[in-house]
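S.K.: Give me a 3D structure for the following:
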Amino acid sequence: MSNLRFTELNLSNDLLKAVSNMGFETTTPIQSLTIPKIISGKDVIGRASTGTGKTAAFGLPAIEGIDEKSKAVQVLILCPTRELAIQVSSEMNKFLKYKKNVSSLPVYGGQPIQRQLFGLQRGAQVVVGTPGRTLDHIERGTLRLGNVKMVVLDEADEMLNMGFREDIQRILKGTPSNRQTVLFSATMPREVLALTKKFQRNPEMINVANEEVRTKMIEQSYFDIEASSKTRLLAQLLTEHNPRLSIVFCNTQRKVDAVCDDLRANGFFSAAIHGGIRQSKRDSIMNKFRNEKFNVLVATDVAARGIDVSNIEIIFNYGIPKETESYIHRIGRTGRAGKTGKAISLVSREERRMIHDIMYYSNTDIKLTKAEGLPDLEFVCKPKRRPSFGGFGGGRPGESQRARPGRPSASAAPRRRSRNERWGRSN
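M.R.: The predicted model follows:
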């Protein structure tokens, strides 16, 4: 099926004008296939990844079904993370530009609840929320679902991976039985299919997630390298490619902080983002990243969900994810909207099996590249923690082991150091 023009779909003039103002004329495959079916009232399962235009695929038909005379919540969209909820709600409000009596409100944790209470009291026909905060409002009685016509589960696989199954089920049970249920997911594990079987009525499956087609704009490669050399290789690759914007994915919050510190200490403009950083600071970091105030974002998977930033040229997998789905979500941040991108993975000996599993299950060929001429960079990092008595290290922040004054030479006879010496203090 060829992609349709938005004017060929059964959309109101207000929506067509808003879409045109956003610079869109032709639909993406997921939009061409799903918008007519959702408008007709069918339950839909859309297998589509980030960057395929799925927000418009469910958002435009959802808006068409809203009764503008009623201020009740009529569309509920559930997302796995705060960042994605904010992004989706922002897109919905762009679509609503010429529908003055309809609004979209994001509800999520990490934001003062009073602001959300005020928005719900004023009336928002579209609520976009994370499962936890949405359920909180339902239990408080501040979010009433009796008039909901459509529920959208966006990135359902991620919500289930994050442990939101029970929350989602409780929310869906509180909506009218005749609602329309639309589900989007990059992958279709057994848990997602079980959810569709329980809460959807004769859904139509629309699959546009063929990995080979979806990743053809992304050049994928990996380096086989010792774990201790990853940061040096990362620095070399950032210097060689000099990306306009890039994301470095790590598997833990601690590793995110460590890698970000290493890059900063060696002159790279980088910032860290993960679940341990308060929401207001995360929002500030993302705004600076979008405005290209720095060009390297070091992130965990959860914190990066919902990142919708143009011009991301390279994705670096500093740590290899255990699940193929996470790899797919990560690299989907580049190669978007017809642009090319790169995904480079740094694979240690312990991670070789994981990268081969990813290639097998995603039916993707990831090219092995050899790291040659790795520079002997001197990473000057601040200590990650204060050393314990009797431990090694303990230099001042910004000093390397080699640069620390008073360090004995290799030929010097070992001697017991005083406490002040062990802590790097001078008398």
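
S.K.: Next one: residue 281, what pLDDT does it get?
M.R.: In this prediction, residue 281 carries a pLDDT score of 89.

S.K.: helix or strand for it, which one?
M.R.: helix 279-290 (DSSP states H and E).

S.K.: Using PDB, write out every CA atom in that helix.
M.R.: This file holds the C-alpha atoms of helix 279-290, laid out as PDB (Å, rounded to 0.1, in the frame of the first residue of the first chain):
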ATOM      1  CA  GLN A 279      12.500  15.600  37.000                       C
ATOM      2  CA  SER A 280      13.000  19.400  36.800                       C
ATOM      3  CA  LYS A 281      16.700  18.900  36.100                       C
ATOM      4  CA  ARG A 282      16.000  16.200  33.600                       C
ATOM      5  CA  ASP A 283      13.700  18.500  31.700                       C
ATOM      6  CA  SER A 284      16.400  21.200  31.700                       C
ATOM      7  CA  ILE A 285      19.000  18.800  30.400                       C
ATOM      8  CA  MET A 286      16.700  17.700  27.600                       C
ATOM      9  CA  ASN A 287      15.900  21.300  26.600                       C
ATOM     10  CA  LYS A 288      19.600  22.100  26.400                       C
ATOM     11  CA  PHE A 289      20.200  18.900  24.300                       C
ATOM     12  CA  ARG A 290      17.400  19.800  21.900                       C
END
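
S.K.: and that helix, what does it pack onto?
M.R.: On a contact count with 3 or more C-beta pairs under 8 Å, 6 or more residues apart in numbering; DSSP states H and E, helix 279-290 meets helix 82-95, strand 270-273. In short, each C-beta sits where N, CA and C put it, glycine included.

S.K.: Next, format those as CSV and append mean neighbour count, mean pLDDT and distance to residue 58.
M.R.: Listed next are these as CSV, based on neighbours: other C-beta atoms under 10 Å; pLDDT from 0 to 100; distance: least, C-beta to C-beta, whole Å:
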stretch, mean neighbour count, mean pLDDT, distance to residue 58
helix 82-95, 22, 91, 9
strand 270-273, 23, 95, 27
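
S.K.: Mind putting the ones you listed into TSV with distance to residue 313?
M.R.: What follows is the helices and strands packed on helix 279-290, written out as TSV (distance: least, C-beta to C-beta, whole Å):
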stretch	distance to residue 313
helix 82-95	20
strand 270-273	15
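
S.K.: Out of these, flag the one nearest residue 294.
M.R.: Residue 294 lies closest to strand 270-273 among these, at 5.4 Å (C-beta to C-beta).

S.K.: Within the sheet, what are the partner strands of that closest one, with directions?
M.R.: strand 296-299 (parallel) (DSSP bridges).

S.K.: Torsion angles phi and psi at residue 76?
M.R.: Per-residue torsions, residue 76: phi -120, psi 120 (degrees, to the nearest 10).

S.K.: er, residue 26 actually
M.R.: Residue torsions, per degrees, to the nearest 10, at residue 26 are phi -110, psi 140.

S.K.: any idea how far it is from residue 60?
M.R.: To residue 60, residue 26 is 14 Å away according to C-beta to C-beta, to the nearest Å.
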